[in-house]
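> Quick check, what structure comes out for this input:
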Amino acid sequence: MILLIDLCHRLHSLGEDEFVRPIADIVEACGYQYKICHFTEWERVAGENIEAVILCGTPLKDNRFTEMTECFAWIQESPVPVLGICAGMQALILAYGGSIEENPEIGMTPVRCRVSDDPVFRDNEWTAYELHRFGTVPGGSEFIVLAESDACIQAVRHHTDPIYGGVQFHPEVRNTWVVERFLSTLVSH
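Predicted coordinates for the structure are as follows:
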């Protein structure tokens, strides 16, 4: 089962339909079952049979999750791969002691890959849909930058786990291959 974590300000907000349900559709199309959980309820489902976690995005001004970073302490100890999407990447970076900074992007943006041997990001360049107020600043050397735009870092992975990372853009809009490739790296299905 793939756990989709809703980072919106409250469970079942309108943001769930826009940012979580499209990811659920991709996961389901890849043949996986999924469960949706609000970020404040992680402990309720932590013991279940979870193969991977996807931290979903939020509406542009929905940043409540940044005030509750203690809700993401589990990420560093996660026994399964984690993919953060937009706000999810921000939560991932914050969990590792990095920071976010004002860096808005809205609309289609050219993205350049910096690493050719990554199982998810092996394309040279693509166009991605951006809808974010903040960009990320990874702390230390724990993350490898996989892709970037002219404005900010667009994709990272943790240096010790090749499928543990995040994307700043919204793959559910025009780049479903990101979620599909992430899921294809999982061992069991």
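
> Pull the contacting residues for the residue nearest to Asp118 when sequence neighbours are not counted.
Counting by C-beta to C-beta, 6 or more residues apart in numbering, Asp118 lies nearest to Leu146, which is 5.5 Å off, once chain neighbours are set aside. Using the backbone N, CA and C atoms, a C-beta is placed for each residue, glycine as well. Leu146 is in contact with 113-115, 118, 120-121, 154-157, 165, counting by C-beta atoms under 8 Å, 6 or more residues apart in numbering.

> With Arg122 instead?
Under the criterion of C-beta under 8 Å, 6+ apart, the neighbours of Arg122 are 113, 116.

> if you set the cut-off to 7 Å instead, what comes out?
Arg122 is in contact with Ser116, counting by C-beta atoms under 7 Å, 6 or more residues apart in numbering.

> Okay, it and Val115: tell me how far apart.
8 Å (C-beta to C-beta, to the nearest Å).

> do the same with Tyr96
As judged by C-beta to C-beta, Tyr96 and Val115 stand 19 Å apart.

> got it, and Ser13?
Applying C-beta to C-beta, the value for Ser13 to Val115 is 35 Å.

> repeat for Ile2
For Ile2, the distance to Val115 - C-beta to C-beta - is 24 Å.

> What of Ser99?
Ser99 sits 23 Å away from Val115, taking C-beta to C-beta as the criterion.

> On the three-state scheme, the residue nearest to Asp118 is what?
Secondary structure for Leu146, judged by DSSP: H, G, I helix; E, B strand; the rest coil, is strand.

> just Asp123 next, same as before
Look at Asp123: counting by three-state DSSP, its state is coil.

> In this structure it contacts Arg114, no?
No. The pair Asp123 and Arg114 fails to qualify as a contact (C-beta atoms under 7 Å) at a distance of 11.6 Å.

> how distant is the lengthiest strand in the chain from the center of its chain?
If you go by DSSP state E, the chain has its longest strand at strand 99-113. Put simply, strand 99-113 sits 14 Å off its chain's centre (C-alpha atoms, centre = their mean, to the nearest Å).

> same deal with stretch 15-34?
That offset, for stretch 15-34, works out to 13 Å (C-alpha atoms, centre = their mean).

> again with stretch 138-149
14 Å.

> ok, the residue most central in space within the chain - contacts?
By C-alpha atoms, centre = their mean, the chain has its centre lying nearest to Gly84, at 1.4 Å. Contact analysis of Gly84 by C-beta under 7 Å, 6+ apart lists 55, 91-92, 166.
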